[in-house]
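Sequence first, predicted model second:
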Amino acid sequence: MVEPLWDFAQLQLHFVDHIQWRYEVIRPLVLFADVTTTQRAEETHLHPDTVRRLTRRFQHHGMRGLLPAQTALGTPRRGRQGRAEVVAELMRLKALYDGFGYRELARIIHYKCNERIDAKTIKKLWQQSPLPVQGELPLQTYHSHANRVPARFEVLKLYAQGWGKRSISQFLHVSRPTVARWIERFEAEHLAGLADKSRAPTVPARKVWLPLMIDVYHLQKRHPDAGRFRIWSLLARPDISERTVGRVMALNKHVYDDIPHVDKPDRTKPPGPHPYKATAPHEYWFIDGRQMDFAIDGVKWWSLIILDGYSRTMLAGAVAPTEASWVALMVLYTACLRYGSPKTIISDSGGAYISEAFEAVCDRLEIRHEPIVSTHGDSYKNLMETHFNVQRRLYDYQFSLTQTPAAFEQVHQRFLHTYNTTAHQGLLQEDFTPPIPLLVLGDAKGRMYTPDELTRQFSQALFPRTTNQHGCVTLHSDHFYIEEGLPQTRVLLWVYGEQLRAVLDNVVLAEYHCRYDWRTRKVTDIRDGVSYATRFASPQTSLLPFNAQETLVLYRPKPVRPQARLPVSAQ
């Protein structure tokens, strides 16, 4: 049967010796791990520092640490006697080197003895410790090692023990930058950084020195018009390369002023003004097409744009599966309807721009058409061809994300708006303020035409019509479907070859096969219609689903007027 332990106040009545009393104070701390110093101080009505001191003495010296001569009970005081291990370490350090700082000594004691002592206590212990008899030092100086790797390792060991760089430098008789360099190399490369490395240059040896410069200088004076290869051959130095001679020649021209200068004809032509430099809006228009780098349903579409040469404004643009004349005429019609006709239009020699239909429209509009040949190096003359680089860098990624022609057309319109409303580098260099194409163009117009007059100029290929309430139009007695979502809307019917296309805002709505009679100027045999999904489609779904491939063309012949009957007398 185990009897419960008495309270400390009851136990101390049975103590016969102070050592027994002191041991009972620290016994729970020594034998059990669940009791703290603060708790034991409250149980024994002692100061926590007294309990800590008794515990530490017992751990270091055993029962001798509890003798009254070594431990005094009462109010704790600031100073205390240092451990023998700490005093011994300080004496060892004092025998090695006496230039330590007190904070440095505190760091070394902490690293070596695991004792945290402030600099003031270290200072008192350092000054009170006797000067030991100098014996044989366990360490050598840095330069006394036959192999430098152990010496460098000693630097790292002292640094790891808390020594400062200045103390290591003075103790091992090595410069402080050297100590810092080995520490940095060890932190970057570990032990591999302590090995010797070759001091051989990692770059080729420099061959340009003063004797070589003088030899080349004399050759340059005698042969001022000779090139680097001829000077190299006259130098007759196989260990010197031709390029080195060229560099020496260039250096000599900056050093020596008496090298004869021979004027050479400048073979490069200075950049002259652009041959089609516009001085006013609508003086020069530029039209060109670019095939996209991506495909929609296996077809790479085209982007056709007209650019004003003065303001760099993109006046009109369209997308199409081919670079055809009808697309070029459609873009030209849109630009002329908005801004009037220009004086001159520049294009390349593509079939869409040198066709008879395109040339005929330019003649009727009194536009001077000047096609250029890109294969002759004249592509720079067409500003639109160079401006396609802006389109490529700015919007090609957005174009490549489109999956349908309608989406491609919408992104193309956003590109035109973004380009026309943001700053242009060319306008900035020409001191336009602000350098924005649409603002530079302003309200300037070319030779204006009324819609009816412009339609007559495009009459051989263009027929304006207005849809009815069902999105259908009538052309020369043929009634056919265009777009249900565009009731009572004026659309343009473009005829090119055997194709009739309905267009609104440069967007192809529907396409039919037809036959055009140039003598009567009428369109006949309209059939095989195809309607396209565009942004103008009606948001309402029809009761019967509509198949764009099953359109029907109705022929409405004009009624024959009955002949007037002759009077009875004439009969």
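Structure's in. What do you need?

I figured I287 hits S303, correct?
No. I287 is beyond contact range of S303, at 11.7 Å (criterion: C-beta atoms under 8 Å). Yep, even glycine has a C-beta here, placed from its N, CA and C like the rest.

between the two, who's got more neighbours?
I287 (27 against 23; other C-beta atoms under 10 Å).

counting contacts, what elements does whichever strand or helix holds the more buried one pack onto?
Assigned by DSSP states H and E, I287 belongs to strand 284-291. Judged by 3 or more C-beta pairs under 8 Å, 6 or more residues apart in numbering; DSSP states H and E, the packing partners of strand 284-291 are strand 302-308, helix 325-339, strand 344-347, helix 383-400.

With distance to N468 and mean pLDDT added, can I get those in CSV?
Below are the helices and strands packed on strand 284-291 laid out as CSV (distance: least, C-beta to C-beta, whole Å; pLDDT from 0 to 100):
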stretch, distance to N468, mean pLDDT
strand 302-308, 31, 94
helix 325-339, 23, 89
strand 344-347, 36, 93
helix 383-400, 36, 87
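
As a markdown table, those with distance to D525 would be great.
As requested, these are exported to a markdown table (distance: least, C-beta to C-beta, whole Å):
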| stretch | distance to D525 |
| --- | --- |
| strand 302-308 | 28 |
| helix 325-339 | 18 |
| strand 344-347 | 32 |
| helix 383-400 | 37 |
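
wait, which of those is closest to G62?
Judged by C-beta to C-beta, the one of those that comes nearest to G62 is helix 383-400, at 81.6 Å.

and the angle for that closest one with strand 284-291?
Relative orientation of helix 383-400 versus strand 284-291 (axes from the mean of the first three to the mean of the last three C-alpha atoms, to 10 degrees): 40 degrees.

Mind checking what helix or strand follows helix 383-400 in sequence?
Where DSSP H and E defines the elements, the next helix or strand beyond helix 383-400 is helix 405-420.

tell me the average confidence for the helix or strand following that next one?
Downstream of helix 405-420, the first helix or strand assigned by DSSP H and E is helix 425-429. For helix 425-429, mean pLDDT is 87.

State the distance from the residue nearest to the spatial centre of the chain to H387.
Among the residues of the chain, the one closest to the centroid is R393, at 13.9 Å (C-alpha atoms, centre = their mean). Using C-beta to C-beta, to the nearest Å, we find R393 at a distance of 11 Å from H387.

T37 now?
Per C-beta to C-beta, T37 is found 84 Å from H387.

neighbour count winner among those two?
Neighbour count, other C-beta under 10 Å: between T37 and H387, H387 has more, with 20 against 16.

so what's the more buried one up against?
Residues near H387 by C-beta atoms under 8 Å, 6 or more residues apart in numbering: I305, L307, R312, M314.

What of K300?
K300 touches Q291, M292, D293, F294, counting by C-beta under 8 Å, 6+ apart.

switch to 6 Å and redo it
Residues near K300 by C-beta atoms under 6 Å, 6 or more residues apart in numbering: Q291, M292.

Need the phi and psi values for it.
When read as degrees, to the nearest 10, the backbone of K300 gives phi -90, psi 110.

how about the nearest residue to Y284, chain neighbours excluded?
Nearest residue to Y284, sequence neighbours excluded (C-beta to C-beta, 6 or more residues apart in numbering): G309, at 3.7 Å.

Residue ranges of each domain in this protein, please.
Following automatic domain parsing, one finds the domains of the chain at 8-66, 78-130, 139-196, 210-255, 284-441, 461-555.

Spell out, range by range, the strands that occur in this protein.
284-291, 302-308, 314-320, 344-347, 368-371, 462-466, 472-475, 478-481, 490-496, 499-504, 507-517, 522-531, 554-555 (DSSP state E).

how about CSV for those strands, with distance to A278 added?
Listed next are the strands of the chain as CSV, based on distance: least, C-beta to C-beta, whole Å:
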stretch, distance to A278
strand 284-291, 5
strand 302-308, 8
strand 314-320, 13
strand 344-347, 9
strand 368-371, 13
strand 462-466, 28
strand 472-475, 39
strand 478-481, 43
strand 490-496, 29
strand 499-504, 29
strand 507-517, 30
strand 522-531, 39
strand 554-555, 50
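
pLDDT weak spots in this protein?
Within the chain, the ranges that satisfy pLDDT under 70 run 1-17, 68-82, 131-146, 201-208, 261-271, 459-461, 496-497, 518-519, 541-571.

mind running it again at 50?
1-4, 6, 70-81, 135-136, 548, 566, 568-571 (pLDDT under 50).

Of all the residues in stretch 86-105, which ones are buried?
Using 16 or more other C-beta atoms under 10 Å as the burial criterion, the residues of stretch 86-105 that qualify are V86, E89, L90, M91, L93, K94, F100, Y102, E104, L105.

List just the nearest of the residues you listed to E115.
V86 (5.6 Å).

Pick out the most distant pair among the contacts of H387.
Farthest pair in the contacts of H387, by C-beta to C-beta: I305 and R312, 11.6 Å.

Just give me the neighbour total for N506.
Neighbours of N506 (other C-beta under 10 Å): 20.

ok, now the one 4 residues further on?
A510 is flanked by 23 other residues according to other C-beta under 10 Å.

now the one 3 residues further on
Neighbour count of H513, defined by other C-beta under 10 Å: 15.

Could you pull up the contacting residues of it?
So H513 contacts E498, R527, D528 (C-beta under 6 Å, 6+ apart).

what does T455 give?
Contacts of T455 by C-beta under 6 Å, 6+ apart are P464.

Spatially nearest residue to L438 (excluding sequence neighbours)?
Looking at L438 with C-beta to C-beta, 6+ apart, the closest residue is N420, at 4.6 Å.

my read: that neighbour touches V440, true?
No. Using C-beta atoms under 6 Å, N420 is not in contact with V440, being 10.0 Å away.

Excluding its own residues, what touches stretch 426-444? List them.
P281, S311, R312, T313, N420, T421, A423, H424.

what's the farthest-apart pair in the residues you listed?
P281 and A423 (18.3 Å).

Looking at these two, which is more packed in?
Neighbour count, other C-beta under 10 Å: between P281 and A423, P281 has more, with 21 against 12.

Which residue, other than its chain neighbours, is closest to the more buried one?
Per C-beta to C-beta, 6+ apart, closest to P281 is A444, 3.7 Å.

Same check on R243?
Nearest to R243 is R228, by C-beta to C-beta, 6+ apart, at 7.6 Å.

So what does R535 have for phi and psi?
R535 adopts backbone torsions of phi -70, psi -10, taken as degrees, to the nearest 10.

Could you check how far it is from Q410?
6 Å.

neighbour-wise, which of the two wins?
Using other C-beta under 10 Å, the more surrounded residue of R535 and Q410 is Q410, with 16 against 12.

so the residue nearest to Y284 touches A278, yeah?
Yes. Using C-beta under 6 Å, G309 is in contact with A278, at 3.8 Å.

Name the residues contacting each of those two.
Contact criterion C-beta under 6 Å, 6+ apart; residues shared by G309 and A278: Y284.

More neighbours: the two, which one.
G309 (25 against 20).

In contact with the more buried one, which residues?
Per C-beta under 6 Å, 6+ apart, neighbours of G309: A278, Y284, L383.

and which of those residues is nearest to L125?
Nearest to L125 among those: L383, at 88.1 Å, using C-beta to C-beta.

what sits against the closest one?
F286, L307, G309.

And it, how far from D288?
9 Å.

what's across from R290 in the sheet?
Legend: beta-bridge partners of R290 under DSSP bridges are S303.

and it, how many neighbours does it have?
When neighbours are defined as other C-beta under 10 Å, R290 has 18 of them.

Hmm, it is touching F388, no?
Yes. Here R290 reaches F388: they are 4.6 Å apart, a contact under C-beta under 6 Å.

To L158, which of the helices and strands packed on strand 284-291 lies closest?
Counting by C-beta to C-beta, L158 lies closest to helix 383-400 out of the helices and strands packed on strand 284-291; the figure is 60.4 Å.
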